[in-house]
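*Asks:* Fold the stuff below for me.
(chains A and B)
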Amino acid sequence: METFKLITKDINTAARLGELHTQRGMIETPCFMPVGTQGTVKSILPSQLSDSGARIILANAYHLFLRPGLEVIKKAGGLHNFISWPGPILTDSGGYQFFSLALLRKITDEGVRFQSHVDGMRHFLRPEDVVDIQMTLGSDIMMPLDECVAYPVSHRQAQNAVKRTVQWARRSRERFIHCSATADNGLPAGQLFAIVQGAGYKELRAECAAALKEIGFDGYAMGGVSVGEPKEVMYEVMGLTSSLLPEDKPRYLMGVGLPEDILEGIASGVDMFDCVIPTRYGRNGSAFTSLGKIVIRNAAYTSDFRPLDPACGCYTCRNFSRAYLRHLFNTGEMLGMHLLSLHNIHFYLDMMRRARQAISLGGFNGFRAEFMGKYRRGGR
RNA sequence: GGGGUCGUAGUGUAGUCUGGUUUAACACGUCGCCCUGUCACGGCGAAGAUCGCGAGUUCAAAUCUCGUCGACCCCG
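*Replies:* Predicted structure coming up:
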(Lines give C-alpha, C1' and ligand atoms only; values in the text may rest on other atoms or scores of the structure.)
Protein backbone atom coordinates (compact mmCIF):
# COMPACT_ATOMS: atom_id res chain seq x y z
CA MET A 1 0.00 0.00 0.00
CA GLU A 2 1.21 3.48 -0.86
CA THR A 3 1.70 5.42 2.32
CA PHE A 4 2.57 8.76 0.79
CA LYS A 5 0.78 10.63 -1.94
CA LEU A 6 2.34 13.73 -3.44
CA ILE A 7 -0.45 16.19 -4.23
CA THR A 8 1.25 19.32 -5.53
CA LYS A 9 4.67 20.83 -5.85
CA ASP A 10 5.32 24.50 -5.31
CA ILE A 11 6.40 26.51 -8.34
CA ASN A 12 9.36 28.48 -7.01
CA THR A 13 10.61 26.32 -4.17
CA ALA A 14 11.00 22.62 -3.44
CA ALA A 15 7.98 22.78 -1.12
CA ARG A 16 5.41 20.03 -1.56
CA LEU A 17 1.90 19.26 -0.50
CA GLY A 18 1.17 15.64 0.32
CA GLU A 19 -0.87 13.07 2.17
CA LEU A 20 0.72 10.71 4.61
CA HIS A 21 -1.44 7.63 5.11
CA THR A 22 -1.11 5.65 8.31
CA GLN A 23 -3.08 2.83 9.88
CA ARG A 24 -4.75 5.42 12.10
CA GLY A 25 -5.57 8.07 9.59
CA MET A 26 -4.31 10.48 6.98
CA ILE A 27 -2.10 13.47 7.67
CA GLU A 28 -1.76 16.42 5.33
CA THR A 29 1.83 17.48 4.83
CA PRO A 30 3.88 19.51 5.47
CA CYS A 31 2.92 18.78 9.06
CA PHE A 32 4.16 19.58 12.52
CA MET A 33 4.15 16.85 15.16
CA PRO A 34 3.96 18.02 18.78
CA VAL A 35 6.42 16.16 20.98
CA GLY A 36 5.07 13.94 23.73
CA THR A 37 8.21 12.16 24.82
CA GLN A 38 6.77 10.42 27.86
CA GLY A 39 3.36 9.78 26.35
CA THR A 40 2.10 13.31 26.93
CA VAL A 41 2.55 16.58 25.13
CA LYS A 42 3.46 18.35 28.33
CA SER A 43 0.47 20.15 29.90
CA ILE A 44 -1.79 19.76 26.83
CA LEU A 45 -4.91 17.58 26.66
CA PRO A 46 -5.30 15.24 23.70
CA SER A 47 -8.60 16.98 22.89
CA GLN A 48 -6.81 20.33 22.81
CA LEU A 49 -4.20 18.90 20.49
CA SER A 50 -6.78 17.76 17.99
CA ASP A 51 -8.73 20.99 18.32
CA SER A 52 -5.51 22.85 17.52
CA GLY A 53 -5.11 20.80 14.37
CA ALA A 54 -2.57 18.21 15.50
CA ARG A 55 -3.02 14.97 13.57
CA ILE A 56 0.04 13.06 14.73
CA ILE A 57 2.21 13.28 17.82
CA LEU A 58 5.61 12.00 18.82
CA ALA A 59 6.53 9.68 21.64
CA ASN A 60 9.87 8.25 22.65
CA ALA A 61 10.58 4.53 22.76
CA TYR A 62 13.60 4.93 25.02
CA HIS A 63 11.72 6.89 27.67
CA LEU A 64 8.63 4.68 27.61
CA PHE A 65 10.75 1.54 27.73
CA LEU A 66 12.35 2.80 30.95
CA ARG A 67 9.14 4.17 32.40
CA PRO A 68 6.45 2.88 32.76
CA GLY A 69 7.94 -0.12 30.95
CA LEU A 70 6.54 -2.30 28.18
CA GLU A 71 4.56 -4.61 30.45
CA VAL A 72 2.35 -1.77 31.64
CA ILE A 73 1.76 -0.47 28.14
CA LYS A 74 1.00 -3.95 26.86
CA LYS A 75 -1.56 -4.46 29.64
CA ALA A 76 -3.03 -1.04 28.86
CA GLY A 77 -3.72 -2.28 25.35
CA GLY A 78 -0.97 -0.35 23.62
CA LEU A 79 0.32 3.17 23.77
CA HIS A 80 -2.66 4.76 22.03
CA ASN A 81 -5.05 3.34 24.60
CA PHE A 82 -2.74 4.09 27.46
CA ILE A 83 -2.43 7.79 26.65
CA SER A 84 -5.86 8.17 25.08
CA TRP A 85 -4.65 9.47 21.74
CA PRO A 86 -6.43 7.56 18.99
CA GLY A 87 -4.55 9.27 16.16
CA PRO A 88 -1.22 8.35 14.64
CA ILE A 89 1.90 8.27 16.82
CA LEU A 90 5.46 8.45 15.58
CA THR A 91 7.93 6.97 18.01
CA ASP A 92 11.50 8.08 18.11
CA SER A 93 13.96 5.32 18.81
CA GLY A 94 16.10 6.94 21.46
CA GLY A 95 19.12 7.48 19.22
CA TYR A 96 19.07 11.13 20.14
CA GLN A 97 18.89 10.31 23.85
CA PHE A 98 22.06 8.25 23.56
CA PHE A 99 23.57 11.37 22.08
CA SER A 100 22.19 13.88 24.58
CA LEU A 101 22.71 11.65 27.63
CA ALA A 102 26.16 10.69 26.35
CA LEU A 103 27.72 10.27 29.78
CA LEU A 104 25.86 7.08 30.31
CA ARG A 105 26.35 5.20 27.04
CA LYS A 106 28.72 3.04 25.07
CA ILE A 107 28.01 2.40 21.41
CA THR A 108 29.28 -0.64 19.55
CA ASP A 109 28.31 -2.12 16.20
CA GLU A 110 26.12 -4.57 18.05
CA GLY A 111 24.05 -1.91 19.86
CA VAL A 112 24.06 0.55 22.73
CA ARG A 113 25.02 -0.24 26.30
CA PHE A 114 23.73 2.37 28.67
CA GLN A 115 22.72 3.17 32.19
CA SER A 116 19.18 4.36 32.77
CA HIS A 117 18.99 8.04 33.62
CA VAL A 118 16.03 7.13 35.82
CA ASP A 119 17.37 4.49 38.18
CA GLY A 120 20.91 3.72 37.04
CA MET A 121 19.99 0.22 35.80
CA ARG A 122 22.24 -1.10 33.04
CA HIS A 123 20.65 -2.03 29.72
CA PHE A 124 21.80 -3.16 26.32
CA LEU A 125 19.66 -2.44 23.27
CA ARG A 126 20.27 -3.62 19.73
CA PRO A 127 18.49 -2.06 16.76
CA GLU A 128 16.29 -5.17 16.67
CA ASP A 129 15.23 -4.59 20.27
CA VAL A 130 14.31 -1.02 19.49
CA VAL A 131 12.03 -2.19 16.66
CA ASP A 132 10.45 -4.74 19.01
CA ILE A 133 9.83 -2.03 21.58
CA GLN A 134 8.09 0.18 19.04
CA MET A 135 6.05 -2.78 17.79
CA THR A 136 4.90 -3.40 21.35
CA LEU A 137 4.01 0.24 21.78
CA GLY A 138 1.89 -0.04 18.64
CA SER A 139 3.67 2.81 16.93
CA ASP A 140 2.35 3.98 13.57
CA ILE A 141 5.68 5.30 12.37
CA MET A 142 8.84 3.82 13.84
CA MET A 143 12.32 5.25 13.77
CA PRO A 144 15.32 2.93 13.74
CA LEU A 145 18.13 3.25 16.22
CA ASP A 146 20.74 5.60 14.75
CA GLU A 147 23.95 7.25 15.83
CA CYS A 148 23.70 10.99 16.16
CA VAL A 149 26.98 12.88 16.46
CA ALA A 150 27.74 16.29 17.93
CA TYR A 151 28.97 19.34 16.06
CA PRO A 152 31.76 19.77 15.27
CA VAL A 153 32.85 16.21 14.50
CA SER A 154 35.72 14.79 12.48
CA HIS A 155 35.04 13.32 9.05
CA ARG A 156 36.23 9.96 10.30
CA GLN A 157 33.83 9.91 13.25
CA ALA A 158 30.96 11.14 11.11
CA GLN A 159 31.74 8.40 8.58
CA ASN A 160 31.71 5.72 11.27
CA ALA A 161 28.38 7.01 12.55
CA VAL A 162 26.98 6.85 9.01
CA LYS A 163 28.20 3.28 8.50
CA ARG A 164 26.68 2.18 11.77
CA THR A 165 23.44 4.07 11.15
CA VAL A 166 23.05 2.33 7.77
CA GLN A 167 23.87 -1.10 9.19
CA TRP A 168 21.45 -0.59 12.01
CA ALA A 169 18.78 0.64 9.59
CA ARG A 170 19.22 -2.56 7.54
CA ARG A 171 18.92 -4.73 10.63
CA SER A 172 15.90 -2.73 11.78
CA ARG A 173 14.27 -3.25 8.39
CA GLU A 174 14.78 -7.01 8.58
CA ARG A 175 13.40 -7.15 12.06
CA PHE A 176 10.48 -4.96 11.06
CA ILE A 177 9.57 -7.23 8.15
CA HIS A 178 9.86 -10.29 10.33
CA CYS A 179 7.62 -8.77 13.02
CA SER A 180 5.04 -7.54 10.51
CA ALA A 181 4.74 -11.02 9.05
CA THR A 182 4.20 -12.61 12.44
CA ALA A 183 2.13 -9.85 14.03
CA ASP A 184 -0.56 -11.36 16.20
CA ASN A 185 -2.40 -8.27 17.40
CA GLY A 186 -4.66 -8.09 14.39
CA LEU A 187 -3.59 -4.54 13.59
CA PRO A 188 -1.86 -3.67 10.38
CA ALA A 189 1.80 -3.04 11.06
CA GLY A 190 3.05 0.49 11.19
CA GLN A 191 5.72 1.98 9.01
CA LEU A 192 9.46 2.17 9.37
CA PHE A 193 11.44 5.23 8.39
CA ALA A 194 15.21 5.58 8.07
CA ILE A 195 17.48 8.33 9.33
CA VAL A 196 20.14 10.05 7.24
CA GLN A 197 23.24 11.05 9.17
CA GLY A 198 26.54 12.50 7.94
CA ALA A 199 26.96 15.66 10.00
CA GLY A 200 27.96 18.63 7.86
CA TYR A 201 29.78 16.50 5.26
CA LYS A 202 27.88 16.59 2.00
CA GLU A 203 29.39 13.44 0.53
CA LEU A 204 28.56 11.51 3.72
CA ARG A 205 24.98 12.74 3.64
CA ALA A 206 24.78 11.67 -0.01
CA GLU A 207 26.37 8.31 0.71
CA CYS A 208 24.04 7.68 3.65
CA ALA A 209 20.94 8.71 1.71
CA ALA A 210 21.88 6.48 -1.22
CA ALA A 211 22.53 3.46 0.98
CA LEU A 212 19.23 3.86 2.83
CA LYS A 213 17.31 4.42 -0.39
CA GLU A 214 18.80 1.19 -1.70
CA ILE A 215 17.41 -0.73 1.28
CA GLY A 216 14.03 0.95 0.95
CA PHE A 217 11.95 2.54 3.69
CA ASP A 218 8.51 4.08 4.07
CA GLY A 219 10.01 7.49 4.71
CA TYR A 220 13.32 9.22 5.25
CA ALA A 221 14.40 11.44 8.09
CA MET A 222 17.27 13.84 8.39
CA GLY A 223 18.94 13.50 11.75
CA GLY A 224 21.95 15.01 13.41
CA VAL A 225 20.68 18.48 12.63
CA SER A 226 20.49 21.39 15.05
CA VAL A 227 23.11 19.91 17.33
CA GLY A 228 25.12 23.10 17.69
CA GLU A 229 26.07 23.89 14.10
CA PRO A 230 25.65 27.40 12.65
CA LYS A 231 22.31 28.01 11.02
CA GLU A 232 23.81 28.29 7.52
CA VAL A 233 25.31 24.81 7.88
CA MET A 234 21.98 23.43 9.06
CA TYR A 235 20.11 25.00 6.15
CA GLU A 236 22.70 23.79 3.68
CA VAL A 237 22.58 20.23 5.04
CA MET A 238 18.81 20.04 5.02
CA GLY A 239 18.56 21.53 1.54
CA LEU A 240 21.06 19.09 0.13
CA THR A 241 19.80 16.03 2.00
CA SER A 242 16.21 16.71 1.10
CA SER A 243 17.10 16.89 -2.60
CA LEU A 244 18.77 13.47 -2.40
CA LEU A 245 15.70 11.70 -1.04
CA PRO A 246 13.09 9.90 -3.12
CA GLU A 247 10.32 12.16 -4.28
CA ASP A 248 7.58 9.65 -3.60
CA LYS A 249 8.38 9.17 0.08
CA PRO A 250 7.84 11.50 3.04
CA ARG A 251 10.81 13.47 4.29
CA TYR A 252 11.13 14.21 7.97
CA LEU A 253 13.46 16.79 9.50
CA MET A 254 14.04 15.63 13.05
CA GLY A 255 13.87 18.05 15.94
CA VAL A 256 13.53 21.29 13.99
CA GLY A 257 12.79 23.95 14.98
CA LEU A 258 12.02 27.63 15.25
CA PRO A 259 9.29 28.97 12.93
CA GLU A 260 11.87 30.36 10.50
CA ASP A 261 13.70 27.00 10.43
CA ILE A 262 10.50 25.13 9.64
CA LEU A 263 9.63 27.49 6.79
CA GLU A 264 13.13 27.00 5.41
CA GLY A 265 12.63 23.25 5.74
CA ILE A 266 9.34 23.38 3.86
CA ALA A 267 11.01 25.37 1.07
CA SER A 268 13.64 22.62 0.93
CA GLY A 269 10.97 19.98 0.41
CA VAL A 270 10.57 18.64 3.94
CA ASP A 271 7.17 17.12 4.77
CA MET A 272 7.33 16.45 8.49
CA PHE A 273 8.70 18.30 11.51
CA ASP A 274 8.78 17.83 15.24
CA CYS A 275 10.20 20.05 17.92
CA VAL A 276 10.01 20.59 21.66
CA ILE A 277 10.25 24.34 21.20
CA PRO A 278 6.56 25.29 21.33
CA THR A 279 5.99 23.40 24.57
CA ARG A 280 9.34 24.02 26.21
CA TYR A 281 9.26 27.72 25.38
CA GLY A 282 5.70 27.79 26.60
CA ARG A 283 6.68 26.29 29.95
CA ASN A 284 9.56 28.71 30.23
CA GLY A 285 7.53 31.80 29.46
CA SER A 286 8.18 32.53 25.78
CA ALA A 287 5.37 32.83 23.26
CA PHE A 288 5.40 32.97 19.48
CA THR A 289 3.22 35.58 17.86
CA SER A 290 2.63 36.81 14.34
CA LEU A 291 4.89 39.71 15.30
CA GLY A 292 7.70 37.62 16.72
CA LYS A 293 8.69 35.98 19.97
CA ILE A 294 7.81 37.56 23.28
CA VAL A 295 9.03 36.77 26.79
CA ILE A 296 5.90 37.10 28.87
CA ARG A 297 7.74 37.78 32.14
CA ASN A 298 9.11 41.05 30.80
CA ALA A 299 8.01 44.11 32.73
CA ALA A 300 6.70 45.60 29.49
CA TYR A 301 3.59 43.40 29.83
CA THR A 302 2.68 44.33 33.40
CA SER A 303 -0.37 46.27 32.26
CA ASP A 304 -0.67 45.05 28.70
CA PHE A 305 -4.25 43.85 28.41
CA ARG A 306 -4.02 42.80 24.78
CA PRO A 307 -4.00 39.10 23.92
CA LEU A 308 -0.64 37.43 23.30
CA ASP A 309 -1.28 37.62 19.59
CA PRO A 310 -4.21 39.70 18.32
CA ALA A 311 -4.10 37.65 15.11
CA CYS A 312 -4.53 34.34 16.95
CA GLY A 313 -7.80 32.53 17.61
CA CYS A 314 -6.60 30.05 20.22
CA TYR A 315 -8.29 29.60 23.60
CA THR A 316 -5.51 31.52 25.36
CA CYS A 317 -5.72 34.50 23.04
CA ARG A 318 -9.52 34.54 23.06
CA ASN A 319 -9.68 34.67 26.86
CA PHE A 320 -6.59 36.06 28.52
CA SER A 321 -4.39 39.15 28.48
CA ARG A 322 -0.63 39.41 28.43
CA ALA A 323 -0.82 41.08 31.84
CA TYR A 324 -2.65 38.07 33.29
CA LEU A 325 -0.30 35.56 31.68
CA ARG A 326 2.67 37.52 33.04
CA HIS A 327 1.05 37.43 36.46
CA LEU A 328 0.66 33.65 36.23
CA PHE A 329 4.35 33.25 35.39
CA ASN A 330 5.51 35.64 38.05
CA THR A 331 3.53 33.78 40.68
CA GLY A 332 4.62 30.37 39.43
CA GLU A 333 1.08 29.24 38.65
CA MET A 334 0.96 26.17 36.43
CA LEU A 335 -1.89 27.57 34.35
CA GLY A 336 0.60 29.98 32.78
CA MET A 337 2.69 27.15 31.38
CA HIS A 338 -0.38 25.43 30.06
CA LEU A 339 -1.86 28.50 28.38
CA LEU A 340 1.42 29.48 26.71
CA SER A 341 2.12 25.91 25.55
CA LEU A 342 -1.39 25.70 24.16
CA HIS A 343 -0.94 28.97 22.32
CA ASN A 344 2.47 28.00 20.92
CA ILE A 345 1.15 24.67 19.67
CA HIS A 346 -1.73 26.49 18.04
CA PHE A 347 0.68 28.99 16.51
CA TYR A 348 2.83 26.25 14.98
CA LEU A 349 -0.08 24.24 13.64
CA ASP A 350 -1.73 27.32 12.22
CA MET A 351 1.51 28.26 10.50
CA MET A 352 1.59 24.79 8.92
CA ARG A 353 -2.03 25.07 7.83
CA ARG A 354 -1.31 28.35 6.11
CA ALA A 355 1.87 27.00 4.55
CA ARG A 356 -0.06 24.10 3.04
CA GLN A 357 -2.67 26.46 1.73
CA ALA A 358 0.03 28.64 0.17
CA ILE A 359 1.64 25.65 -1.53
CA SER A 360 -1.68 24.50 -2.92
CA LEU A 361 -2.12 27.95 -4.43
CA GLY A 362 1.44 27.87 -5.78
CA GLY A 363 2.74 30.74 -3.68
CA PHE A 364 4.83 29.45 -0.81
CA ASN A 365 7.51 32.10 -1.28
CA GLY A 366 4.98 34.89 -1.05
CA PHE A 367 3.49 33.43 2.13
CA ARG A 368 6.90 32.95 3.68
CA ALA A 369 8.04 36.48 2.86
CA GLU A 370 4.88 37.95 4.30
CA PHE A 371 5.02 35.77 7.40
CA MET A 372 8.65 36.53 8.13
CA GLY A 373 8.22 40.19 7.33
CA LYS A 374 5.72 40.55 10.17
CA TYR A 375 7.50 38.09 12.42
CA ARG A 376 10.82 39.91 12.29
CA ARG A 377 9.23 43.08 13.61
CA GLY A 378 9.28 41.60 17.13
CA GLY A 379 6.38 40.79 19.42
CA ARG A 380 6.32 43.93 21.54
C1' G B 1 10.25 54.47 85.66
C1' G B 2 13.77 49.81 85.68
C1' G B 3 15.93 45.76 82.84
C1' G B 4 16.76 43.25 78.21
C1' U B 5 16.89 41.91 72.86
C1' C B 6 17.44 43.70 68.11
C1' G B 7 18.34 47.46 63.88
C1' U B 8 22.92 44.82 57.35
C1' A B 9 19.90 45.47 49.30
C1' G B 10 12.49 45.23 48.16
C1' U B 11 11.81 40.97 51.95
C1' G B 12 14.06 37.30 55.24
C1' U B 13 18.78 36.22 57.03
C1' A B 14 24.62 35.26 57.53
C1' G B 15 28.86 37.82 59.08
C1' U B 16 29.60 41.03 65.05
C1' C B 17 31.76 37.17 70.49
C1' U B 18 37.79 36.33 68.46
C1' G B 19 38.52 44.32 64.25
C1' G B 20 42.21 43.43 58.74
C1' U B 21 41.82 37.42 54.18
C1' U B 22 34.60 41.73 52.83
C1' U B 23 35.48 45.33 46.10
C1' A B 24 29.77 42.77 52.82
C1' A B 25 27.64 36.61 51.69
C1' C B 26 22.97 33.65 50.86
C1' A B 27 17.72 32.81 49.72
C1' C B 28 13.40 34.78 47.73
C1' G B 29 11.84 38.92 44.88
C1' U B 30 13.07 42.40 40.71
C1' C B 31 15.24 43.06 35.64
C1' G B 32 17.16 40.79 31.14
C1' C B 33 18.95 36.81 27.91
C1' C B 34 18.77 31.62 26.43
C1' C B 35 16.14 26.94 25.12
C1' U B 36 15.71 22.93 18.09
C1' G B 37 14.48 13.71 17.38
C1' U B 38 12.57 17.15 26.13
C1' C B 39 16.18 13.53 32.22
C1' A B 40 14.85 18.78 34.18
C1' C B 41 7.97 24.30 35.59
C1' G B 42 15.04 24.43 33.19
C1' G B 43 19.86 27.22 32.24
C1' C B 44 22.79 31.85 32.31
C1' G B 45 23.50 36.73 33.74
C1' A B 46 22.55 41.79 35.79
C1' A B 47 20.96 45.54 39.02
C1' G B 48 20.18 46.44 44.08
C1' A B 49 23.23 47.88 50.99
C1' U B 50 28.01 54.25 52.06
C1' C B 51 25.87 47.58 57.50
C1' G B 52 19.68 52.96 61.85
C1' C B 53 22.17 57.82 63.06
C1' G B 54 26.31 60.53 65.57
C1' A B 55 30.83 60.62 68.14
C1' G B 56 35.06 57.94 69.94
C1' U B 57 39.15 54.02 70.23
C1' U B 58 42.55 52.13 66.37
C1' C B 59 47.30 52.10 61.20
C1' A B 60 42.33 49.70 60.18
C1' A B 61 35.25 49.39 62.52
C1' A B 62 29.20 46.04 59.93
C1' U B 63 32.46 44.07 63.97
C1' C B 64 34.93 47.37 70.13
C1' U B 65 33.11 51.87 73.43
C1' C B 66 29.69 55.90 74.44
C1' G B 67 25.53 58.66 73.05
C1' U B 68 21.10 58.93 70.28
C1' C B 69 16.69 57.35 67.49
C1' G B 70 13.45 53.30 66.36
C1' A B 71 11.11 48.28 66.98
C1' C B 72 9.97 44.43 70.19
C1' C B 73 10.00 41.75 75.04
C1' C B 74 10.05 41.39 80.47
C1' C B 75 9.37 43.74 85.39
C1' G B 76 6.74 47.64 88.08
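*Asks:* Pull the number of nearby residues for the nearest residue to A:Arg318 once chain neighbours are set aside.
*Replies:* Nearest residue to A:Arg318 in three dimensions, chain neighbours excluded: A:Pro307, at 7.4 Å (C-beta to C-beta, 6 or more residues apart in numbering). Where you see a C-beta, it was placed from the backbone N, CA and C, and this is true even at glycine. A:Pro307 has 20 neighbouring residues, counting by other C-beta atoms under 10 Å.
*Asks:* Regarding A:Pro307, which helix or strand does it belong to?
*Replies:* Assigned by DSSP states H and E, A:Pro307 belongs to neither a helix nor a strand.
*Asks:* got a list of what it touches?
*Replies:* Counting by C-beta atoms under 8 Å, 6 or more residues apart in numbering, A:Pro307 touches A:316-318, A:320-322.
*Asks:* try 10 Å this time
*Replies:* A:289, A:313-314, A:316-322, A:325, A:343 (C-beta atoms under 10 Å, 6 or more residues apart in numbering).
*Asks:* what's the answer for A:Ala158, then?
*Replies:* A:147, A:149, A:151-152, A:197-201, A:204-205, A:208, A:224.
*Asks:* show me what contacts the residue in the stretch 51-200 of chain A positioned nearest to RNA strand B?
*Replies:* Nearest residue of the stretch 51-200 of chain A to RNA strand B: A:Cys148, at 2.6 Å (C-beta to the nearest atom of the strand). Listed by C-beta under 10 Å, 6+ apart, the contact set of A:Cys148 reads A:95-100, A:102, A:161, A:165, A:195, A:197, A:199, A:223-225, A:227, A:254-255.
*Asks:* can you give me the end-to-end distance of stretch A:54-63?
*Replies:* Using C-alpha to C-alpha, to the nearest Å, one end of stretch A:54-63 lies 22 Å from the other.
*Asks:* any residue of it up close to RNA strand B?
*Replies:* Yes - residues of stretch A:54-63 are located near RNA strand B by C-beta under 7 Å from any atom of the strand, namely A:58, A:60, A:63.
*Asks:* before we move on, what about stretch A:34-42?
*Replies:* Yes - under the criterion of C-beta under 7 Å from any atom of the strand, stretch A:34-42 makes contact with RNA strand B via A:35, A:37-38, A:41-42.
*Asks:* Buried subset of those, written for PyMOL?
*Replies:* With 16 or more other C-beta atoms under 10 Å as the criterion, this PyMOL line picks the buried residues out of the residues of stretch A:34-42 next to RNA strand B:
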select buried, chain A and resi 35+37+41+42
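*Asks:* Export the residues of stretch A:34-42 next to RNA strand B as a markdown table, with columns for pLDDT and secondary structure.
*Replies:* Shown next, in a markdown table, are the residues of stretch A:34-42 next to RNA strand B (pLDDT from 0 to 100; DSSP: H, G, I helix; E, B strand; the rest coil):
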| residue | pLDDT | secondary structure |
| --- | --- | --- |
| A:Val35 | 98 | strand |
| A:Thr37 | 97 | coil |
| A:Gln38 | 97 | coil |
| A:Val41 | 98 | coil |
| A:Lys42 | 97 | coil |
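*Asks:* what about A:Leu340, helix or strand, and which?
*Replies:* Using DSSP H and E, A:Leu340 falls within helix A:334-360.
*Asks:* what packs against the helix or strand hosting A:Leu240?
*Replies:* Assessed by DSSP H and E, A:Leu240 sits inside helix A:231-244. Contacts defined by 3 or more C-beta pairs under 10 Å, 6 or more residues apart in numbering; DSSP states H and E place helix A:231-244 against strand A:191-196, helix A:202-215, strand A:219-222, strand A:251-253, helix A:259-267.
*Asks:* I'd like the ones you listed as a markdown table, with mean pLDDT appended.
*Replies:* What follows is these, written out as a markdown table (pLDDT from 0 to 100):
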| stretch | mean pLDDT |
| --- | --- |
| strand A:191-196 | 98 |
| helix A:202-215 | 98 |
| strand A:219-222 | 98 |
| strand A:251-253 | 98 |
| helix A:259-267 | 98 |
